[in-house]
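> show me how the following folds:
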Amino acid sequence: MEVVEGVGIASGIAIGEVLLLLDEETVVFKENIDADQVEAETKRFDEAIDEARKQISAIKDQVSNKIGEEHAFIFEAHLLFLDDQGLIKETKQYIASHHCKAQWAFNQVLLSLLQQFDELGDPYFVERGKDLEDVGKRILKILKGDDPFGFQNLNQDIIIVGSEFGPSNITTFDNPNILGFATDLGGQTTHTAIIAKALGLPAVLGLHDISHRVNSGDIIILDSIKGKVVINPDAKTLAEYRKSKAAYKRDIARYIKATEKDAITKDGQSVSLLANIEIPHEAESAMKFGARGIGLYRTEFLFLHYAPDFPSEDIHYETYCQIAGHVAPEPVTIRTLDLGGEKFFHRAFVKEKELNPVMGLRGVRLCLFRKDIFRTQLRGLLRAAALHANIRVMFPLITSVDEFKTVRAFVSSVADEMQAEGQNIRRNLDLGVMIEVPSAALVADHLAAEVDFFSIGSNDLIQYFLAIDRANDDVNYLYDPFHPGVIRLLKHIIDEGHRAGIDVSCCGEMASSPLYAALLMHLGLTNLSMNPASVPTIHHLVRELNLSELRRLVPEPTSFMTGDAARTAFKQGLRNLLKVKSYKHLIENQGRKAT
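Okay, the predicted model is just below:
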């Protein structure tokens with residue numbers, strides 16, 4: 001028996017036989033043609049593009065019908081590659097100038113583009129490169145006459161293992177006999193992960209070399225709750241996991257049903273559970289999971305959807321109205337553009353590649369640098385807010401009071417312009433800030449006097465505060481929400497916000513984790529915003545907790561000298577409070593990182 005750890009996606013447990021699926025490199029040989037064959041070969045290339053468009057459109061429709069239109073946008077991006085006149089023109093020129101078959105010409109152009117994506121070094125473009133590669137392999141298979149793999153005739157339960165799978169591959173995994181999948185590469189934010197979550201397909205990614213550790217026919221346990229794979233488990237482990245799998249399914253069904261009741265602790269403390277969303281249609285599903293509003297709508301995904309162009313004022317307006325309408329009268333917090341850092345690097349914004357983009361032109365800095373784009377977004381927001389009273393606006397990466405005042409003045413100037421035009425807008429909408437930079441946290445008292453609400457971005461705040469890169473495997477063990485300094489910083493933000501009488505919430509990954517959500521509530525936070533699927537679990541935690549008793553058992557979490565000491569004491573307090581079953585399910589296996 002062997003255990004390998006990775007990143008769990010779409011929580012669940014699967015037990016089955018391995019089907020090892022190694023997507024070998026598509027081999028393309030150069031085949032020359034005569035000059036009088038160029039026209040026919042160019043036509044064959046056009047036909048391959050048309051066939052790829054039909055196939056991807058069919059996948060897009062399948063995804064839209066099966067798991068919702070909001071998840072089909074990934075394949076809209078794939079279709080855009082097929083409309084890239086530069087890609088098509090370069091391939092045709094290569095065919096004509098080199099007198100070669102279309103597959104060779106296209107492969108040469110494709111490899112050149114993929115190298116350009118890779119050289120940018122930005123994770124967003126790496127992901128876009130993977131999308132392009134996925135589309136490119138499909139076109140090459142069509143040109144060569146190869147069929148993409150399918151599972152229509154599968155008649156036994158399997159878990160698929162491979163190095164990496166593109167999103168179009170994952171849609172073919174939507175088969176009752178495919179229990180889940182595991183890969184060497186990948187993480188939480190990849191398109192593959194998005195589709196897996198939408199399908200509810202258990203997966204563990206980032207296992208490094210799982211495809212070299214197993215063979216087809218091996219029995220494995222895929223534990224996407226804890227983010228690990230057990231290879232060839234012994235009889236005892238197998239029996240334990242079968243029990244856990246059945247219990248997990250029963251618990252989740254019960255938690256979802258229970259969200260019909262308010263999230264109130266045993267000692268009467270009401271807690272507001274909200275959802276973080278990236279795509280407008282997620283608002284509706286978030287409410288079905290029991291969310292009481294949208295605590296964070298990440299508008300950068302709206303920008304990425306329309307890249308390399310920018311969304312128009314009308315698109316902003318219609319999108320925000322759509323979300324607000326879905327959840328009315330519950331609140332919707334719309335975060336203005338936060339491209340930059342690990343998310344995106346766009347030549348339309350920044351002409352030169354930044355050496356340290358996480359510390360560079362991102363958040364409101366980017367918005368103030370490109371006021372034309374910021375103005376368009378604000379115009380759409382001000383119009384939408386006139387129709388929907390539940391809209392409020394939040395600004396990311398604010399570092400000081402002066403910076404917020406600059407942004408607020410710009411919002412006011414845009415409102416003046418629109419009123420002069422006779423536009424119907426709402427000027428008095430709530431304006432808040434993300435507290436995700438230590439400088440903002442330390443002047444929380446001054447900021448609280450100026451803003452209408454705080455939202456703690458725990459992911460970046462902890463990363464900046466502890467000076468570590470969570471994406472760096474060599475140092476991410478240092479990312480610790482129980483670090484005494486982190487707890488003190490969180491307590492300071494919460495206390496100063498409440499002292500000023502403003503709402504304070506957390507929209508980082510801490511809010512999605514039962515252990516860290518309990519810590520935030522202990523510190524006085526009563527607004528938690530998380531990914532929609534986490535709402536039922538956190539709702540169950542809230543109704544199981546007695547906060548007064550927890551504070552008696554662990555009176556001063558800020559007083560511990562080490563993160564380990566704070567964590568141990570806090571978990572012991574929860575163990576004494578919660579039912580044994582709830583503790584084991586919610587808390588026992590919570591690790592160091594808020595992931």
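
> low-confidence ranges, the stretch 401-550 of the chain, go.
470-473, 476 (pLDDT under 70).

> all helices of it, in order?
Ranges of helices within the stretch 401-550 of the chain are 401-420, 438-442, 444-448, 458-466, 484-499, 514-522, 535-544, 547-553, based on DSSP state H, counting those that start in this stretch.

> wait, which of those is closest to H326?
With C-beta to C-beta as the measure, helix 535-544 is the member of the helices of the stretch 401-550 of the chain nearest H326 (15.3 Å). In this view, the C-beta of every residue, glycine as well, is placed from N, C-alpha and C.

> elements contacting that closest one?
helix 235-258, strand 272-277, helix 514-522, helix 580-583 (3 or more C-beta pairs under 8 Å, 6 or more residues apart in numbering; DSSP states H and E).

> tell me which of those sits most buried.
strand 272-277 (a mean of 26; mean count of other C-beta atoms under 10 Å).

> following element in sequence after that strand, please.
For strand 272-277, the succeeding helix or strand toward the C-terminus, using DSSP states H and E, is helix 282-288.

> sheet partners, orientation included, of whatever helix or strand comes next after that next one?
Where DSSP H and E defines the elements, the next helix or strand beyond helix 282-288 is strand 294-298. Strand 294-298 sits in its sheet next to strand 272-277 (parallel), strand 332-335 (parallel), going by DSSP bridges.

> give me the contacts around strand 294-298.
Strand 294-298 has contacts (C-beta atoms under 8 Å, 6 or more residues apart in numbering) with 274-278, 283, 286, 323, 327, 330-335, 338, 394, 455, 505, 507, 527-530.

> list the buried residues for it?
294-298 (16 or more other C-beta atoms under 10 Å).

> what does stretch 477-495 give?
Quick answer for stretch 477-495 (16+ other C-beta under 10 Å): 478-484, 486-487, 489-495.

> for N276, report the pLDDT, please.
Looking at N276, its pLDDT stands at 91.

> that one - nearest residue in space that isn't next to it in sequence?
Sequence neighbours aside, L296 is the residue nearest to N276 in space, at 4.3 Å (criterion: C-beta to C-beta, 6 or more residues apart in numbering).

> gap between the one you found and R392?
From L296 across to R392, the span is 11 Å (C-beta to C-beta, to the nearest Å).

> shared neighbours of the two, anything?
Shared contacts of L296 and R392 (C-beta under 8 Å, 6+ apart): T333.

> what's near enough to touch R551?
Applying C-beta under 8 Å, 6+ apart, the residues contacting R551 are H522.

> distance of it from A518?
11 Å.

> same question, L205
Taken as C-beta to C-beta, the span from L205 to A518 is 27 Å.

> what is the longest strand seen in the chain packed up against?
Taking DSSP state E as the criterion, the chain has its longest strand at strand 13-20. Judged by 3+ C-beta pairs under 8 Å, 6+ apart, strand 13-20 is in contact with strand 158-162, strand 178-183, strand 219-223, helix 235-258.

> relative to strand 13-20, how tilted is the first one?
Here strand 158-162 points in a direction 60 degrees away from that of strand 13-20 (axes from the mean of the first three to the mean of the last three C-alpha atoms, to 10 degrees).

> given strand 158-162, what are its sheet partners and their directions?
strand 13-20 (parallel), strand 178-183 (parallel).

> just say which of the ones you listed is most tucked in.
Among the strands paired with strand 158-162, highest average neighbours (mean count of other C-beta under 10 Å) belong to strand 178-183, with a mean of 25.

> hmm, who's touching that one?
Contacts for strand 178-183 (C-beta under 8 Å, 6+ apart): 6, 12, 14-16, 151, 154, 157-165, 170, 173, 192, 196, 201-207, 210-211, 220, 222, 224, 229.

> list the buried residues in the one helix or strand R53 maps to.
In this assignment (DSSP H and E), R53 forms part of helix 38-67. Buried residues in helix 38-67, defined by neighbour count with 16+ other C-beta under 10 Å: 38, 41-42, 44-45, 48-49, 52-53, 55-57, 59-60, 63-64, 67.

> again, but for stretch 97-116
Buried, per 16+ other C-beta under 10 Å, within stretch 97-116: 100-110, 113.

> run the chain-centre distance for it.
33 Å (C-alpha atoms, centre = their mean, to the nearest Å).

> check stretch 304-313 too.
19 Å.

> please apply the same query to stretch 174-183.
For stretch 174-183, the distance to the chain centre is 21 Å (C-alpha atoms, centre = their mean).

> may I have it as PDB, with CA atoms only?
C-alpha atoms of stretch 174-183 as PDB (Å, rounded to 0.1, in the frame of the first residue of the first chain):
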ATOM      1  CA  ASP A 174     -19.000  12.200 -17.800                       C
ATOM      2  CA  ASN A 175     -19.800   8.600 -17.700                       C
ATOM      3  CA  PRO A 176     -21.400   6.600 -14.800                       C
ATOM      4  CA  ASN A 177     -18.600   4.100 -15.000                       C
ATOM      5  CA  ILE A 178     -15.900   6.800 -14.600                       C
ATOM      6  CA  LEU A 179     -15.600   7.300 -10.900                       C
ATOM      7  CA  GLY A 180     -12.900  10.000 -10.900                       C
ATOM      8  CA  PHE A 181      -9.500  10.800 -12.100                       C
ATOM      9  CA  ALA A 182      -5.900  11.600 -10.900                       C
ATOM     10  CA  THR A 183      -3.100  13.500 -12.600                       C
END
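
> from memory R128 sits against F117, does it?
Yes. Counting by C-beta atoms under 8 Å, F117 is a contact partner of R128 at 6.1 Å.

> I'd say D234 and M1 touch.
Yes. In this structure D234 lies within contact range of M1 using C-beta under 8 Å: 5.2 Å.

> can you list residues touching both of these two?
Counting by C-beta under 8 Å, 6+ apart, nothing touches both D234 and M1.

> let me see the contact set for G187.
7, 193, 205-206.

> what do you get if the cut-off is 6 Å, keeping everything else the same?
7, 206 (C-beta atoms under 6 Å, 6 or more residues apart in numbering).

> how about the secondary structure of it?
coil (DSSP: H, G, I helix; E, B strand; the rest coil).

> can you give me the end-to-end span of stretch 289-301?
Start-to-end span of stretch 289-301 (C-alpha to C-alpha, to the nearest Å) is 22 Å.

> now do the same for that stretch: mean pLDDT, whole number.
92.

> next one: stretch 174-184
Here the average pLDDT along stretch 174-184 is 88.

> next, the residue lying closest to I9 once chain neighbours are set aside: phi, psi?
Counting by C-beta to C-beta, 6+ apart, A203 is the residue found nearest to I9 once chain neighbours are left out, at 4.2 Å. Dihedral angles of A203 (phi, psi; degrees, to the nearest 10) stand at phi -150, psi 150.

> so what sits opposite A203 in the bridge?
Assigned bridge partners for A203, using DSSP bridges, are I9, F181.

> what bridges to S529?
L274.

> how many other residues sit next to it?
26 (other C-beta atoms under 10 Å).

> OK, contacts around it?
274, 276, 295-296, 505, 507, 511.

> one more: F465?
So F465 contacts P438 (C-beta under 6 Å, 6+ apart).

> the one 10 residues further on now?
Counting by C-beta under 6 Å, 6+ apart, V475 makes contact with I468.

> quick one: it and T537, what's the gap?
29 Å.

> also K92?
53 Å.

> I'd say H78 and V135 touch.
Yes. When contacts are counted by C-beta atoms under 6 Å, H78 is listed as touching V135 (5.1 Å).

> how deep is T333 tucked in, by neighbour count?
Neighbour tally, T333, other C-beta under 10 Å: 25.

> what's the answer for A324, then?
Neighbour count of A324, defined by other C-beta under 10 Å: 24.

> cool, and the one 5 residues further on?
The burial count assigned to P329 is 9, neighbours taken as other C-beta under 10 Å.

> enumerate every residue touching it.
Here P329 is in contact with N390 (criterion: C-beta under 6 Å, 6+ apart).

> how near is it to R250?
Applying C-beta to C-beta to P329 and R250 gives a distance of 34 Å.

> please consider this matter closed, and thank you.
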